[in-house]
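In: Would you be able to build a 3D model of this:
(chains A and B)
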Amino acid sequence: MVPNKQNRFRRQIPLVILLIVVVFSSGCISQTAQTQKVYHVGILSNSIDLDDVAEGFKAKMTEFGYTEGKNIIYDMQSSNNDEAKMQEIAKKFVDDKVDLILAYSTGNALGAKAATRGTDIPVVFAVSTIEGNDLIENVRQPGGNITGVRQPSVELAAKRLELLLEMAPQTKRVWLTYQSDFSPALTTLELLRPRASSLGVTLVEVPVTNVSGIQADLQARAESGDIGIDAILIIGEPLGNSPTGWAVINESAAKYKVPIMGQTPSQVYRGAVLTYLPDNYKIGQLTASMADKIFKGTPAGTIMVVTPKADLRINYKLAKELGLNVSEGMLNMADEIIR
Amino acid sequence: MSVQTEVKKETNFRSIAVTLTIAFLALSMTILLISSGLQAYFSFQDRQNIIAEQQYFIAREAASQVTDFITEKTDTLKTVSRLSDLTASNKEEQKLLLSKILGIEPAFRQVAILNAQGQELEIASRLSTLESGHLIKRAGSDLFSQASLGKTYISPVYINEVTSEPMIVMAVPVTDVFGDSKGVVMAEVNLKFMWDLVDKIRVGSSGTAYVVDRKGNLIAFSDISLVLKGENLMRLKEVNDFVRNPGLLTEKDAEITRGIKDTQVVSNFISLGTPDWAVITELPVSEANEPIIQQFKITLLIIIANIILVILISVYLSRRITKPIMILSNAANEIGKGNFNPIIGVRLDDEIGQLASVFNTMTRDLQKTTVSKDYVENIFKSMFDMLVVATPEGTIQTVNKAICDLLGYRSEELTGESIDKLIYDEVPHSETSYFNELDKKGSIINIEKQYLTKDGRKIPVLLSMSNMYDDKGNKIGVVCVARDITERERAEDLLNKLKEFAETVLSSMKDAISIIDVNNFRIIDANSVFLKNYGMKKEEVIGKSCYEITHKRAQPCIPPDDICPLMDTLKSGEHSVAEHVHHLKDGEKRYVEVSTSPITDENGRITKVIHVAHDITERKVAEVKIKASLEEKEVLLREIHHRVKNNMQIVASLLNLQSQNIEDIKYKNLFIDSQTRIYSMALIHEKLYQSDSLAQINLKEYIDGIVSNLFESYGQKINIKLDINVENILINIDNAVPCGLIINELVTNSFKYAFPDGRPGIIKISVKSNDNNTIQISISDNGIGIPKDLDIRNTKSLGLKLITGFAESQLHGEIILNRDSGTEFQINFRQTK
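Out: Below is the predicted model:
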């Protein structure tokens, strides 16, 4: 009896030591063994002109520790201003159960919001106007499962007109076109009209339903012998900013030496004498900050919508070719001057 | 009751080793934990102080950066105020100046110059002209009161209605050279640009910093949404301390509070003074205490390692201490089981050592005085002999395994039975029975009896019995020990049969055979033929020496005159044979061939010799007769050879007489040739009857005879010399005749033809024998030589025909003719046996 108890006690010693070692080693192992989630982000682009947003987004996400192909995958699709295609892409993202949709341009943002309704897929928008639509409930609390970086094109519309007139003070008739049913454009016009009136200029409004309408108006003006406009103001709406719409407008402007106040920053390199809106790359970086918060558990609808700073870009060379007055004060304020 | 007590004690048993181990462990662990706990506590206190210092420096650095941001903006405005000569510069210049400021300072949303009356002289704005007027409204009346005092004005933070971004208005006074206020330069500053600055402030690796105003509103933070919400942070202790204690510039401690992200943090604040804000830094507790946690982990690991070490040492020490006790305990258990063998090998100079020594003494005493039942049973069980213990009346009490195995019983089948069931007795319980004999003698030793198996077979045994008595001499039993002798009897039987067989074999042989002891040459056994030949009985023969019986002499045979094969066998160790004359019973002498063969013991030493005397008397008599007959025939043969030789000499003489009448030299030579040939043959017979052996002659003597005869016939007439070189070779008669004729012909040719016209010359005759029994005969001369075109095998010459015929047909040899210098004939042949 005594030897048996002794033996049992002796046999238990290595067992106890082994148990202690196992407990500690398992604790260490559990600390190191962590499963890394791979995020799937659907990027709903409007056109190649705005794809700097995606670039800025990806760059900032990388800074946050999301490495493409490792712990984040991007599915970038472009609607090319085709609403049907936009809806198809948005539906695909929902079917793929992506972790987040980044949508830029107002139409795409609205489409993404509609497609994700009833799901828990968050939407981060960019280059989208929030005026005149139901994209968000309000800036501080966007509501639903959406947030983003708003495009301050409405409040900047008057300033943009002022900058255009400062550069072309002889202007009396400012041509602008817009998609007739695009509500943010209507809101913009509501702000613009009184300011134009106070500045003594006439807004030559050309509401259209497609790019052909733009072309028809400009062609009619050309055929009349007097184009009848002194400057062109591009506002935030889809048709004039589409590649074909912009090409039509830019062609006529160049032909008749009419200065253009562009909408998107890239237009200043492609025919506009100046633009005054936020930089798309920086906008993309801002949306990345929001996406990071969402991935870390913050509901998108509680993240306040951000307004980016507008950058003044002047195509000084073109302005001089058109014989425009570029004041020193304006040049001092410019964020970028193209000479 | 006592049994229950025993069980209870058994159940509650705890090894003294376990008790000691637990005691060691408890003591060591208490010391270890107290010392480690104290060390951890003081380390924690030190770390808290370090964290507080670090937090303070981080907060001070963050505050410095925020202050620098504001200072930079106010300095910009102060620069503008100095450049703005409100009385001299026109609106264009002012506009240009403000535009430049707006261009280089992105945080400025609007910049304006006001005169002393508060009227806007010029403005540069990122907004449209319609919205610019809000700037003066935001500034309020404090702006001018501060400006009149020459102080910089910073408005409270307000939120832009459109963008919800935090804004402030700051203004610096514009004065003339006398210091009188002429107006202000003011700017609307978007604090959003301070966010990047705050966002870049690093507090540890996961900490954060933020800025609040005097009301506790958040105005800069990495999480912009919180700022844009205009969140008030009065709920946080540090913010609350800042808001409620305007004079308190900082809190230098490492207090753990709830942070902006609602997590446990170590936070500090630094009041900026101007503007009336504070920078709060937060470091998560987990990070702040990480060094402590790391140190705690290391301490824990050390403690665990120490615990393991303590356990091992405790176990080792307890085992070392208790091992002698355990040995004593185990030894006691063994003795309790009846095993008195254990000797305790504990050699300690303490009480346990003394106890072990006493224990060993006790064990030795017990070994001497006590024999256990198991011990006795083991002896019984391991016995090869069969054991039965019976009562004095013969009732079996105990049997061992050996008897059960042999007889096919189980022990219980025999116990209680009469011993007569086992021991076969032709007349049980008779006066002569073994039991009565035992009663008379007290013991019986090694009597041959038979045991009865269960199936009735009888097994021979060698039985010993003895009575068993108590201390008072009373018979208390009978002990029977028996050994199975079946194999022994079987071997004895076989040995007897072998002995009978050997005697039968020896008796059936015709030769007289005896076995002789080599030590004294005395006969130890003899067969019937031996006894019959010498007319003696075996007992008369045994013990007597061999030479006494066979040679009738008193001394042994002494070599070399008397060859003793027995002594040869002793010398060589091998079989030996010799012919002796033995004297039989009636004095008759008999020739015997004695052969002796050694008989060795297990060491290979010769101890006896088999002496076989084979009677050869008849053979010896026959040999004498044959020898006499042969001698008679030899005499007759020599006479024949003599007479043949005489007859041939007569023929040769007749030819000689006949040739003297022939004048033609040609025919005369033919007669001479024939004479020499006959002489050659006659010479053989002469040599034969002169030789010891009638079958062979000496070739040298024979050739000398032939050549001498030829020289007399031809050589004396001319100047020819002979050179004879013949070895002493014995040649048989079959080869001698052709050899003699060949030599005769060749030497004759040389005499007759080699030296014409009296030319001198030498004839060489050489005969030699090689090892392989080949004889080489060479006859050469230095004469003129035989013609070159002469074919010795195709010639009409009788002499050459005889040479080739004898050499090749009779001797089966070869002829080599050398014509280079004179003539040489060489004949090689193998002599027939």
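
In: How about the stretch 151-300 of chain A: which residue is closest to chain B?
Out: Proximity of the stretch 151-300 of chain A to chain B (C-beta to the nearest C-beta) peaks at A:Ala158, 3.5 Å away. For the C-beta atoms, the positions are set from N, CA and C on the backbone; glycine is no exception.

In: In terms of helices and strands, where is that residue?
Out: Using DSSP states H and E, A:Ala158 falls within helix A:153-167.

In: counting contacts, what elements does that helix pack onto?
Out: Packing contacts for helix A:153-167, counted by 3 or more C-beta pairs under 8 Å, 6 or more residues apart in numbering or on different chains; DSSP states H and E, involve helix A:183-199, strand A:231-233, strand A:260-262, strand A:274-278, strand A:310-315, helix A:328-333, helix B:129-132.

In: What mean pLDDT does that helix get?
Out: Mean pLDDT, helix A:153-167: 89.

In: Ok, stretch A:195-213 next?
Out: 93.

In: Quick one: check that stretch for contact with chain B.
Out: Yes: Stretch A:195-213 comes into contact with chain B (C-beta under 8 Å from any C-beta of the partner chain), by way of A:Arg195, A:Ser198.

In: the helices in chain A, which residues?
Out: Under the criterion DSSP state H, chain A contains helices at A:2-32, A:52-63, A:83-95, A:106-115, A:153-167, A:183-199, A:211-223, A:238-241, A:243-256, A:280-295, A:316-321, A:328-333.

In: mind checking which helix or strand of chain B has the lowest mean pLDDT?
Out: helix B:2-11 (a mean of 44; mean pLDDT, DSSP states H and E).

In: Now the element after it, going C-ward?
Out: In N-to-C order, the element after helix B:2-11 by DSSP H and E is helix B:16-83.

In: mind checking how far that next one is from the chain centre?
Out: Chain-centre distance of helix B:16-83: 66 Å, with C-alpha atoms, centre = their mean, to the nearest Å.

In: which element follows it toward the C-terminus?
Out: With DSSP H and E, the next secondary element past helix B:16-83 is helix B:91-104.

In: Hey, what's the angle from the next helix or strand after that next one to helix B:16-83? Just curious.
Out: Per DSSP H and E, the first helix or strand lying C-terminal to helix B:91-104 is strand B:108-115. On the basis of axes from the mean of the first three to the mean of the last three C-alpha atoms, to 10 degrees, strand B:108-115 is oriented at 40 degrees to helix B:16-83.

In: check whether the following helix or strand past strand B:108-115 contacts chain A.
Out: For strand B:108-115, the succeeding helix or strand toward the C-terminus, using DSSP H and E, is strand B:120-125. Yes: among the residues of strand B:120-125, B:Ala124, B:Ser125 lie within reach of chain A under C-beta under 8 Å from any C-beta.

In: chain center to strand B:120-125: distance?
Out: Offset of strand B:120-125 from its chain centre (C-alpha atoms, centre = their mean): 105 Å.

In: Run through who's touching stretch A:61-78.
Out: Contacts with stretch A:61-78, where a contact means C-beta atoms under 8 Å, 6 or more residues apart in numbering or on different chains, come from A:36-48, A:51, A:54, A:58, A:89, A:92-93, A:96, A:98, A:288-289, A:291-292, A:295.

In: Please repeat the previous calculation with a cut-off of 7 Å.
Out: Outside stretch A:61-78, the residues that touch it by C-beta atoms under 7 Å, 6 or more residues apart in numbering or on different chains are A:36-45, A:47, A:54, A:58, A:89, A:98, A:288, A:291-292.

In: Then stretch B:162-169?
Out: With C-beta under 7 Å, 6+ apart as the criterion, stretch B:162-169 contacts A:139-140, A:155, A:304, A:307, B:135, B:138-139, B:154-155, B:157-160, B:186, B:188-192, B:219, B:227-228.

In: Would you reformat the helices and strands packed on helix A:153-167 as JSON lines and include mean neighbour count?
Out: Compiled in JSON lines, the helices and strands packed on helix A:153-167 are given as follows (neighbours: other C-beta atoms under 10 Å in any protein chain shown):
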{"stretch": "helix A:183-199", "mean neighbour count": "18"}
{"stretch": "strand A:231-233", "mean neighbour count": "26"}
{"stretch": "strand A:260-262", "mean neighbour count": "28"}
{"stretch": "strand A:274-278", "mean neighbour count": "26"}
{"stretch": "strand A:310-315", "mean neighbour count": "23"}
{"stretch": "helix A:328-333", "mean neighbour count": "18"}
{"stretch": "helix B:129-132", "mean neighbour count": "16"}
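
In: Format the ones you listed as CSV; extra columns: distance to B:Ile327.
Out: Shown next, in CSV, are the helices and strands packed on helix A:153-167 (distance: least, C-beta to C-beta, whole Å):
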stretch, distance to B:Ile327
helix A:183-199, 100
strand A:231-233, 109
strand A:260-262, 103
strand A:274-278, 92
strand A:310-315, 95
helix A:328-333, 102
helix B:129-132, 103
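
In: First-to-last residue distance for stretch B:549-558?
Out: 16 Å (C-alpha to C-alpha, to the nearest Å).

In: Pull out the buried residues from that stretch.
Out: B:Ile549, B:Thr550, B:His551, B:Cys557 (16 or more other C-beta atoms under 10 Å in any protein chain shown).

In: isn't the third one right next to B:Lys589, touching?
Out: No: here B:His551 does not reach B:Lys589: they are 10.5 Å apart, not a contact under C-beta atoms under 7 Å.

In: so what sits against both of the two?
Out: The contact sets of B:His551 and B:Lys589 overlap at B:His583 (C-beta under 7 Å, 6+ apart).

In: For the helix holding A:Ala158, what is the distance to the chain centroid?
Out: 20 Å.

In: same deal with stretch B:790-805?
Out: On C-alpha atoms, centre = their mean, the centre of stretch B:790-805 falls 84 Å from that of its chain.

In: Equivalent analysis for stretch A:188-203, please.
Out: 27 Å.

In: what does that stretch rub up against?
Out: A:153-154, A:157-158, A:161, A:165, A:171-174, A:176, A:205, A:235-236, B:128, B:130.
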